[in-house]
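K.L.:
generate coordinates for the sequence data below:
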Amino acid sequence: MKAKENEFHYKMVMSKYSVKDVAKLLGISTNAVYNKINGKTQWTLIEFFVLCDAFSLSYEEGKRVFLPQMLANSHP
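P.N.:
Sure, this is the predicted structure:
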């Protein structure tokens with residue numbers, strides 16, 4: 001796992017969420033969550049806000065967890 005994947009996983013576990021819980025919360029499959037964690041697909045802005053809320057992250061802290069991955073996966 002990459003550093004940002006570890007950070008997301010850490011935040012998820014500390015918030016007592018499983019991948020299955022995150023999938024249910026976001027209304028997506030567990031495979032889709034794994035793809036997002038592994039950087040194969042991007043988190044959406046809505047998912048960002050939902051997960052910040054669920055993990056009790058400030059938006060500033062959430063940006064540190066999600067934004068680098070979102071920017072790395074964006075295409076010009």
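K.L.:
can you tell me the closest non-neighbouring residue to residue 54?
P.N.:
Nearest residue to residue 54 in three dimensions, chain neighbours excluded: residue 25, at 5.9 Å (Cβ to Cβ, 6 or more residues apart in numbering). Quick note: C-beta positions are derived from backbone N, CA and C, even for glycine.
K.L.:
pLDDT score for the one you found?
P.N.:
At residue 25, the pLDDT value in this model is 96.
K.L.:
in which helix or strand does it reside?
P.N.:
helix 19-26 (DSSP states H and E).
K.L.:
got the buried residues for that helix?
P.N.:
By 16 or more other Cβ atoms under 10 Å, the buried positions in helix 19-26 come out as 19, 22-23, 26.
K.L.:
read off the pLDDT value for residue 59.
P.N.:
90.
K.L.:
for it, give me phi and psi.
P.N.:
phi -60, psi -30 (degrees, to the nearest 10).
K.L.:
mind checking how far it is from residue 6?
P.N.:
Distance of residue 59 to residue 6, given as Cβ to Cβ, to the nearest Å: 21 Å.
K.L.:
which SSE is immediately downstream of the helix or strand containing residue 32?
P.N.:
Here residue 32, judged by DSSP H and E, is contained in helix 30-37. Moving toward the C-terminus from helix 30-37, the next helix or strand (DSSP H and E) is helix 45-54.
K.L.:
pLDDT of that next one, averaged?
P.N.:
The model assigns helix 45-54 a mean pLDDT of 93.
K.L.:
now that helix - C-alpha only, PDB.
P.N.:
C-alpha atoms of helix 45-54 as PDB (Å, rounded to 0.1, in the frame of the first residue of the first chain):
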ATOM      1  CA  LEU A  45     -16.500  15.300  -4.200                       C
ATOM      2  CA  ILE A  46     -19.700  13.900  -2.600                       C
ATOM      3  CA  GLU A  47     -17.800  10.900  -1.400                       C
ATOM      4  CA  PHE A  48     -15.200  13.200   0.100                       C
ATOM      5  CA  PHE A  49     -17.800  15.100   2.100                       C
ATOM      6  CA  VAL A  50     -19.600  11.900   3.200                       C
ATOM      7  CA  LEU A  51     -16.400  10.200   4.300                       C
ATOM      8  CA  CYS A  52     -15.100  13.300   6.100                       C
ATOM      9  CA  ASP A  53     -18.300  13.300   8.000                       C
ATOM     10  CA  ALA A  54     -18.300   9.600   8.700                       C
END
